[in-house]
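Engineer: what's the 3D shape of this:
(chains A and B)
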Amino acid sequence: SQKIEQNSEALNIQEGKTATLTCNYTNYSPAYLQWYRQDPGRGPVFLLLIRENEKEKRKERLKVTFDTTLKQSLFHITASQPADSATYLCALPDQTGANNLFFGTGTRLTVIP
Amino acid sequence: DAMVIQNPRYQVTQFGKPVTLSCSQTLNHNVMYWYQQKSSQAPKLLFHYYDKDFNNEADTPDNFQSRRPNTSFCFLDIRSPGLGDAAMYLCATSRRTGNNQPQHFGDGTRLSIL
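Structural biologist: Residues are numbered from 1 along each chain as shown, chains lettered A, B, ... in the order given. This next block holds a predicted model:
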């Protein structure tokens, strides 16, 4: 299996700043890594996928990096807004090739107006 | 809009009384997953169906069963719920297994045990 650690349970930042969330894994290097957003009482929503041969992926104000040497992914939200407040989960596949995901416990981001 | 729908959103059952949670999808995806998520914890995969093929995770208790009568519907049956089974149960789908497949989640059913 895979052990996944997300840097902190909670992160508070000021509106307009860049939020940086960390996801570290300890065992095998996955073929890809996914990030999801989860709002209270809702299911996770897929945001971005980055493959092992990609260093960086961007989507609007979101940027994800993937460093297989460090066994780490960083998730950035630039020009953060209060509407970005949510829990962000990273997820890695198992080794079966079946797309079964191991999730981290998430980082709860609060953007303060 | 194509989506994953879970019913009910909230379910209360008694200790030991069987309960069934349901999930339907309009995405026509091959794979359907069931996850258990306890408060402030990561979603934990219980099992998944690839079409009609059932795949159980090694540490999923026997108390949990699943049925998929057709592509669109999948059910989670808890035969004798214990207090430790109180959690949010999430259903998800993906187009197929393998790389590069995001999962699409429903909004979950929150199960309480009295």
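Engineer: Helix, strand, or coil at the residue minimising distance to the centre of chain B?
Structural biologist: Central residue of chain B (C-alpha atoms, centre = their mean): B:W34, 2.8 Å from the mean position. State at B:W34, reduced to three classes by DSSP: H, G, I helix; E, B strand; the rest coil: strand.
Engineer: Now the closest residue to chain A within chain B. Nearest residue, chain neighbours left out?
Structural biologist: The minimum distance from chain B to chain A, using C-beta to the nearest C-beta, falls at B:F105 (3.2 Å). Heads up, the C-betas are built off the backbone N, CA and C, glycines and all. Distances taken as C-beta to C-beta, 6 or more residues apart in numbering or on different chains place A:G43 nearest to B:F105, at 3.2 Å, with adjacent residues excluded.
Engineer: And the strands in chain B, which stretches?
Structural biologist: Along chain B, counting by DSSP state E, strands occupy B:4-7, B:10-13, B:19-25, B:31-37, B:44-50, B:53-56, B:64-67, B:73-78, B:87-94, B:104-105, B:109-113.
Engineer: The fourth one and chain A, are they touching?
Structural biologist: So that's strand B:31-37. Yes. Contact between strand B:31-37 and chain A, assessed by C-beta under 8 Å from any C-beta of the partner chain, occurs at B:31, B:33.
Engineer: Next, please give the residue ranges for the strands of chain A.
Structural biologist: Using DSSP E, strands in chain A cover A:4-6, A:10-14, A:19-25, A:32-38, A:45-51, A:56-59, A:62-67, A:72-77, A:86-93, A:101-103, A:107-112.
Engineer: export those strands to a markdown table and tack on mean neighbour count, mean pLDDT and distance to chain B?
Structural biologist: Below are the strands of chain A laid out as a markdown table (neighbours: other C-beta atoms under 10 Å in any protein chain shown; pLDDT from 0 to 100; distance: least, C-beta to the nearest C-beta, whole Å):
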| stretch | mean neighbour count | mean pLDDT | distance to chain B |
| --- | --- | --- | --- |
| strand A:4-6 | 20 | 90 | 8 |
| strand A:10-14 | 13 | 94 | 10 |
| strand A:19-25 | 20 | 95 | 12 |
| strand A:32-38 | 22 | 96 | 6 |
| strand A:45-51 | 17 | 95 | 4 |
| strand A:56-59 | 12 | 96 | 12 |
| strand A:62-67 | 18 | 96 | 13 |
| strand A:72-77 | 21 | 96 | 15 |
| strand A:86-93 | 24 | 95 | 7 |
| strand A:101-103 | 23 | 92 | 4 |
| strand A:107-112 | 18 | 97 | 9 |
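Engineer: No further questions, thank you.
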